[in-house]
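Colleague: model this:
(one chain, ligands or ions: 1)
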Amino acid sequence: MNRFDLWAEQMSVDPLPTLARMRAEAPLVRLHNPNQDAPEWHVTRYADVVALLRDPRFSKDKRKLSDEARGRYFRVTEFDGLDKHMLFADPPEHTRLRSLVAKAFTPRRIADLRPSVEKATERLLDEVAEHTEVDLLDALAFRLPITVLAELIGIPVTDQDRFREWTGILVAPADFDQLRRMVIELEEYLGQFLAMRRRHPGDDLTSALLAAEQDGDRLSPVELMSMTFLLVAAGFETTGNVIGNGVWALLRHPEQLRRLRGEPELIGSAIEEILRWCPSVKNTTGVFPLTDVEFLDTVIPAEEMVIGSILSAHHDPEAFDRPELFDIARTPNKHLAFGLGTHFCLGSSLARVEASVAVGAVVRRFPALRCAADPDALAWKDGVFIRGLERLPVEVR
Ligand code: HEM
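Modeller: From the prediction side, this is the model:
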């Protein structure tokens, strides 16, 4: 029997009391994941999550695991053609992949996307303005990142509906078969798309990735496909939920919403506080010691998965002054919403642009904005990594 039931339904509704108990009573704890029938270690204090993310003894590369451990934690072997990417690689392989990608994913390219983000946001909000009540997740929060990702990658406008459908399944598959069919279709589509871009380069990220070269080294076709898949998988639900969680947090704190209306220049720090108070990625992806490792005075056996709780770290009173307070002007605010160290989020600046443009525009355009349901009674998704609402019904006039 687990001492802390992280898999209980209540954890998606109100996770903070359990996380506070874990920080106080068992900041490093071994639990049994009933869904995978496997042990999992959880780290909940801020300083310890930082130490975990900085510790090179923990690997993210599942190819280094024994067949037995890999089978236990990763049932989905069908994704092999799409997961040769940097999030599942350790240095020096990670360094190689990330530096090739960094050549294409430049700050300039992200800055150039801002006008499109603004235009797409205004267009989506024009549609919202025609209604009295909408689900803001469906109408804006998830539409914006997928439009931006499609433009970044260079997916032709005519294919964007299919692309949207695939990402929808990726995020919330009806069942495993649907997910597998989607992955096969997506793999086939990406294969053809990359071949087309090879023949007819454009000015998108994909063309830049195809051309990226360092010391005579390039991304292989499988690596390119995996990289494109990673961008979609890592950049879609994460960003959508920051927009959703952000508007929800503001609606739950009317005095902070009023303050942001009066001082729109606070939007940058408001987004940082949203990322801290209600981060869309609540856990780091799992890491594995390849041999027995002593961590926080405890021996973690080889090949047992360790997870850092970003949400818990953000509510650790040792790291943040009055962490329960949602304060859009909080400073300092050294949150871990984008991870830390080797795997620090590649897309953080793009995510910040999207979130500040979207949340800023909602606040500016809809002075009568209110939640169309009790904000404390809304349903949350119960995924392992993502913290986000099922729906966010709002009245805009
Ligand atoms: C607010 C939105 C986002 C959040 C909260 C977020 C969060 C994160 C976190 C926590 C990690 C580290 C994962 C770990 O260590 O286990 C990560 C990695 C990554 N993110 Fe994001 N992300 C966001 C948006 C994006 C976007 C828009 C993109 C790309 C278009 C992106 C691309 C990536 C990539 C490629 C990695 C892997 C980096 C590496 O392994 O070196 N993310 N992200």
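Colleague: Around the ligand, pick out the residues from this protein.
Modeller: Proximity of the chain to the ligand, by Cβ under 6 Å from any ligand atom, involves residues 86-87, 98, 230-231, 234-235, 238-239, 242, 280-281, 284-285, 337-339, 343, 345-347, 350-351. (Glycine included, C-beta is placed from N, CA and C.)
Colleague: Go again with 5 Å.
Modeller: Residues of the chain lying close to the ligand (Cβ under 5 Å from any ligand atom) are 86-87, 231, 234-235, 238-239, 242, 280-281, 284-285, 337-339, 343, 345-347, 350-351.
Colleague: Report the buried residues of stretch 348-359.
Modeller: For stretch 348-359, the neighbour count (16 or more other Cβ atoms under 10 Å) marks 350-359 as buried.
Colleague: which residues sit against that stretch?
Modeller: With Cβ atoms under 8 Å, 6 or more residues apart in numbering as the contact definition, stretch 348-359 has outside contacts at 107, 110, 113-114, 117-118, 121, 140-141, 144-145, 148, 152, 235, 238-239, 242-243, 246-247, 250, 267-268, 270-271, 274-275, 338, 345.
Colleague: Buried only: go through those for me.
Modeller: Neighbour counting by 16+ other Cβ under 10 Å classes 110, 113, 117, 121, 140-141, 144-145, 148, 152, 235, 238-239, 242-243, 246-247, 250, 267, 270-271, 274-275, 338, 345 among the contacts of stretch 348-359 as buried.
Colleague: and the helix or strand encompassing Arg180, what other elements does it pack with?
Modeller: Per DSSP states H and E: Arg180 is located in helix 176-199. Applying 3 or more Cβ pairs under 8 Å, 6 or more residues apart in numbering; DSSP states H and E, one finds that helix 176-199 makes contact with helix 160-171, helix 205-211, helix 221-235.
Colleague: of those, which approaches Asp61 most closely?
Modeller: Closest approach to Asp61 among the helices and strands packed on helix 176-199 (Cβ to Cβ): helix 221-235, 13.2 Å.
Colleague: That closest one: how far from the chain's middle?
Modeller: Here helix 221-235 is found 14 Å from its chain centre; the criterion is Cα atoms, centre = their mean, to the nearest Å.
Colleague: the inter-axis angle of that helix versus helix 176-199?
Modeller: Relative orientation of helix 221-235 and helix 176-199, computed by axes from the mean of the first three to the mean of the last three Cα atoms, to 10 degrees: 120 degrees.
Colleague: Could you give the average pLDDT over the helix or strand following helix 221-235?
Modeller: Counting by DSSP H and E, the next helix or strand C-terminal to helix 221-235 is helix 237-252. For helix 237-252, mean pLDDT rounds to 97.
Colleague: Same check on stretch 277-288?
Modeller: Mean pLDDT, stretch 277-288: 97.
Colleague: what's the answer for stretch 87-100, then?
Modeller: Stretch 87-100 shows a mean pLDDT of 95.
Colleague: got the end-to-end distance for it?
Modeller: 14 Å (Cα to Cα, to the nearest Å).
Colleague: and if you look at stretch 252-267?
Modeller: Using Cα to Cα, the end-to-end distance of stretch 252-267 comes out at 17 Å.
Colleague: For that stretch, what is the distance to the chain centroid?
Modeller: Stretch 252-267 sits 25 Å away from the centroid of its parent chain (Cα atoms, centre = their mean).
Colleague: Give me the buried positions along that stretch.
Modeller: Neighbour counts over stretch 252-267 (16+ other Cβ under 10 Å) mark 253, 256-257, 259-260, 266-267 as buried.
Colleague: can you tell me which of those residues are in helices?
Modeller: Counted as lying in helices by DSSP state H, out of these, are 256-257, 259-260, 267.
Colleague: and the closest residue to Gly268 other than its chain neighbours, what pLDDT?
Modeller: Computed as Cβ to Cβ, 6 or more residues apart in numbering, the closest residue to Gly268 that is not its neighbour in sequence is Ser356, at 6.1 Å. Looking at Ser356, its pLDDT stands at 98.
Colleague: roughly how far apart are Ser356 and Glu395?
Modeller: Distance from Ser356 to Glu395, counting by Cβ to Cβ, to the nearest Å: 23 Å.
Colleague: what's the answer for Ala141, then?
Modeller: Ala141 sits 16 Å away from Glu395, going by Cβ to Cβ.
Colleague: How many residues are close by the spatially closest residue to Phe142 that is not a sequence neighbour?
Modeller: Nearest residue to Phe142 in three dimensions, chain neighbours excluded: Gly240, at 4.1 Å (Cβ to Cβ, 6+ apart). Counted by other Cβ atoms under 10 Å, the residues lying close to Gly240 total 27.
Colleague: Pull the contacting residues for Gly240.
Modeller: 137, 141-142, 144-145, 280, 388.
Colleague: just Ser59 next, same as before
Modeller: Neighbouring residues of Ser59 by Cβ under 8 Å, 6+ apart: 90, 287-290.
Colleague: Just list whatever residues bridge to it.
Modeller: Phe288 (DSSP bridges).
Colleague: pLDDT value on it, please?
Modeller: 98.
Colleague: Not counting residues beside it along the chain, what's closest to the residue in the stretch 251-397 of the chain that the ligand sits nearest to?
Modeller: The minimum distance from the stretch 251-397 of the chain to the ligand, using Cβ to the nearest ligand atom, falls at Gly347 (2.1 Å). Closest residue to Gly347 apart from its sequence neighbours, by Cβ to Cβ, 6+ apart: Gly235 at 5.0 Å.
Colleague: related to what we said a few turns ago, can the helices and strands packed on helix 176-199 go into JSON lines with extra columns for distance to Lys103?
Modeller: Output for the helices and strands packed on helix 176-199, formatted as JSON lines (distance: least, Cβ to Cβ, whole Å):
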{"stretch": "helix 160-171", "distance to Lys103": "24"}
{"stretch": "helix 205-211", "distance to Lys103": "7"}
{"stretch": "helix 221-235", "distance to Lys103": "12"}
